[in-house]
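In: Structure here, sequence nowhere to be found:
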Ligand code: NDP
Ligand code: HSE
């Protein structure tokens with residue numbers, strides 16, 4: 001057995017307390033796997049005297065001085081499970097620059113300013129591991145970062161937010177509207193008291209940025225991600241999706257390919273989309289996550305599991321702790337970033353997708369021709385048209401073929417001004433089909 005590897009644990013909430021529990025319960029196995037015992041040197045929290053149930057840890061380890069703990073000479077590895085941008089960034093940069101490896105679950109910080117953390121890791125010759133930051137328990141970042149490094153990833157499509165997947169799955173199963181499904185998610189503890197980060201797509205956008213950075217060897221930040229949430233998805237949209245043999249999911253889509261100028265670029269977007277029920281992601285229900293990766297040689301790969309929760313997330317954190325502890329004993333470190341490709345970010349307008357548009361229209365001769373003329377003017381090809389209702393209740397549902405998002409958006413804008421169109425009931429993208 002080598003000398004103990006000593007951890008500074010920053011945060012002891014939902015994830016941190018499970019990290020403590022797993023470190024305690026699996027101490028002997030972890031020591032055998034690493035080749036040295038793993039010990040907790042200290043735990044930084046906001047309220048050290050808060051009741052923490054039956055946590056198997058010495059209360060004397062708790063402190064409010066996180067930075068002081070990070071700087072201690074007897075700390076080898078820093079584990080950050082607090083969240084937010086500051087002071088987490090200051091603690092991690094301090095650790096990494098001084099050669100202490102770090103494990104973090106902080107997707108918000110990685111998406112906002114991951115470059116600063118990677119630079120600090122390179123400067124200090126330290127490891128920066130963050131498997132838990134995307135899709136919780138699912139081993140996903142390590143395969144992207146290591147196993148697929150000999151291949152070229154072309155597309156990553158994922159359901160990476162459990163709260164919104166629970167809400168959309170409930171809407172699909174029961175016909176409930178968004179508000180009703182959100183209330184159910186809150187009552188069952190899936191949605192937080194303030195669900196904004198989840199339902200407006202911020203959480204998924206942060207994860208999309210991390211996935212795209214790893215998949216395409218390019219620094220992608222949250223600001224590079226086109227983001228739309230699920231608050232506008234209605235029961236009528238879900239019913240319309242069902243009528244087409246589809247369901248609606250909040251997707252993160254990261255693609256590599258030529259842009260309008262033919263140059264290789266990266267497009268990253270998060271938005272609700274209809275997908276066919278036959279698509280592998282359509283059957284991902286409840287609060288589960290799944291990510292579909294397409295690579296040139298490997299073909300299609302699917303990763304599935306629990307994307308959140310104390311124990312599942314702690315499982316990923318523990319995996320990282322074992323990896324950095326082993327590296328420390330071996331006297332090596334793993335380059336935390338591969339950003340050599342440095343590809344430009346393609347604007348959303350150039351993303352090629354399909355639209356499903358529901359229009360309330362006047363029911364008289366020439367209306368369809370007027371509507372079709374708008375699509376033709378923007379070079380958007382119509383795949384299907386369905387009319388329901390008559391007279392004052394007539395509505396058209398139009399599904400397009402693939403076209404640049406800018407052309408589709410301009411089509412919708414012109415339709416809004418058409419006097420035969422009373423209102424545009426909904427516009428949704430369609431993904432995953434032909
Ligand atoms: P919690 O809110 O449950 O816990 C946060 C912890 O940080 C608490 O122990 C809190 O102290 C401590 N803390 C807060 N501010 C400070 C401060 N200024 N100084 C010292 N300690 C502080 O968060 P989670 O465990 O849910 O999340 C932690 C991280 O993991 C976040 O980055 C999150 O995005 C990520 N994550 C979480 C998942 C989940 O399912 N919960 C899933 C995947 C990632 P105190 O206990 O005294 O309040
Ligand atoms: N709020 C997130 C979710 C937690 O619903 O998936 C995991 O990042």
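Out: The structure has been received and is ready for your questions. What you see is a predicted model; the values in this text were computed from it and never measured. Ligands and ions are numbered 1, 2, ... in the order given.
In: Can you give me the neighbour number for the residue of the stretch 101-250 of the chain found nearest ligand 1?
Out: Using Cβ to the nearest ligand atom, residue 105 is the residue of the stretch 101-250 of the chain that sits closest to ligand 1, at 3.5 Å. C-beta coordinates here come from the backbone N, C-alpha and C atoms, glycine included. By other Cβ atoms under 10 Å, the residues close to residue 105 number 26.
In: Show me what from the stretch 251-400 of the chain comes close to ligand 1.
Out: 308-309, 313 (Cβ under 6 Å from any ligand atom).
In: Scan the residues you listed and report the most crowded one.
Out: Within those, residue 313 tops the neighbour count with 25 neighbours, counted by other Cβ under 10 Å.
In: what's it sitting at in phi/psi?
Out: Per-residue torsions, residue 313: phi -70, psi -40 (degrees, to the nearest 10).
In: tell me the SS of residue 189?
Out: Three-state call for residue 189 (DSSP: H, G, I helix; E, B strand; the rest coil): coil.
In: and it, what does it touch?
Out: By Cβ atoms under 8 Å, 6 or more residues apart in numbering, no residues touch residue 189.
In: go with 10 Å
Out: Contacts of residue 189 were listed using Cβ atoms under 10 Å, 6 or more residues apart in numbering, and they are 287, 309.
In: What's the separation between it and residue 390?
Out: Taking Cβ to Cβ, to the nearest Å as the measure, residue 189 falls 46 Å from residue 390.
In: now do residue 378
Out: 28 Å.
In: These two: who's more crowded?
Out: For residue 378 versus residue 390, neighbours defined as other Cβ under 10 Å are more numerous around residue 378 (19 against 8).
In: In space, what's closest to the residue in the chain positioned nearest to ligand 1 - neighbours in sequence excluded?
Out: For the chain and ligand 1, the shortest gap (Cβ to the nearest ligand atom) falls at residue 13, measuring 1.9 Å. Closest residue to residue 13 apart from its sequence neighbours, by Cβ to Cβ, 6 or more residues apart in numbering: residue 81 at 7.2 Å.
In: That neighbour contacts residue 8, correct?
Out: No: using Cβ atoms under 10 Å, residue 81 is not in contact with residue 8; the gap is 11.3 Å.
In: gap between the strand or helix carrying residue 116 and the chain center?
Out: Per DSSP states H and E, residue 116 falls inside helix 107-124. The gap between where helix 107-124 is centred and where its chain is centred comes out at 18 Å by Cα atoms, centre = their mean, to the nearest Å.
In: how about the helix or strand following that helix against ligand 1, any contact?
Out: Next helix or strand after helix 107-124 toward the C-terminus (DSSP H and E): strand 128-129. No: taking Cβ under 6 Å from any ligand atom as the criterion, strand 128-129 and ligand 1 are apart, separated by no less than 13.5 Å.
In: I'd like the distance between residue 329 and residue 101.
Out: Distance, residue 329 to residue 101, using Cβ to Cβ: 11 Å.
In: Comparing the two, which shows the higher neighbour count?
Out: Neighbours per residue (other Cβ under 10 Å) separate residue 329 from residue 101, with residue 101 holding more: 28 against 15.
In: Pretty sure the more buried one sits against residue 124.
Out: Yes: counting by Cβ under 10 Å, residue 101 touches residue 124, with 8.7 Å between them.
In: Return every residue with contacts to both of those two.
Out: Going by Cβ under 10 Å, 6+ apart, residues that sit against residue 101 and also against residue 124 are 95, 333.
In: hang on, the earlier thing: now do the contacts for the residue of the stretch 101-250 of the chain closest to ligand 1.
Out: Residues near residue 105 by Cβ under 10 Å, 6+ apart: 11, 15-16, 19, 79-83, 130-134, 136, 313-314, 316-317, 320.
In: same thing but at 8 Å, please
Out: By Cβ under 8 Å, 6+ apart, residue 105 lies in contact with 15, 80-81, 83, 130, 132-133, 313, 316-317.
In: How many residues are close by residue 247?
Out: When neighbours are defined as other Cβ under 10 Å, residue 247 has 24 of them.
In: Against residue 26, how distant is residue 319?
Out: Distance, residue 319 to residue 26, by Cβ to Cβ: 12 Å.
In: Go through the contacts of residue 105 and name the one nearest residue 425.
Out: Closest to residue 425 out of these is residue 133 (37.3 Å), distances taken as Cβ to Cβ.
In: Go ahead and confirm that closest one touches residue 141.
Out: Yes: counting by Cβ atoms under 8 Å, residue 133 does reach residue 141; the two are 7.5 Å apart.
In: ok, the two, which is more surrounded?
Out: Per other Cβ under 10 Å, whichever of residue 133 and residue 141 has more neighbours is residue 133, with 26 against 21.
In: How confident was the prediction at the closest residue to that one other than its chain neighbours?
Out: Nearest non-adjacent residue to residue 133, counting by Cβ to Cβ, 6+ apart: residue 107, 4.1 Å away. Note on residue 107: pLDDT of 97.
In: ok, now which ones touch residue 107?
Out: Contacts of residue 107 by Cβ under 8 Å, 6+ apart are 130, 133-134, 203, 206-207, 210.
In: So among the residues you listed, which ones count as buried?
Out: 130, 133-134, 203, 206-207, 210 (16 or more other Cβ atoms under 10 Å).
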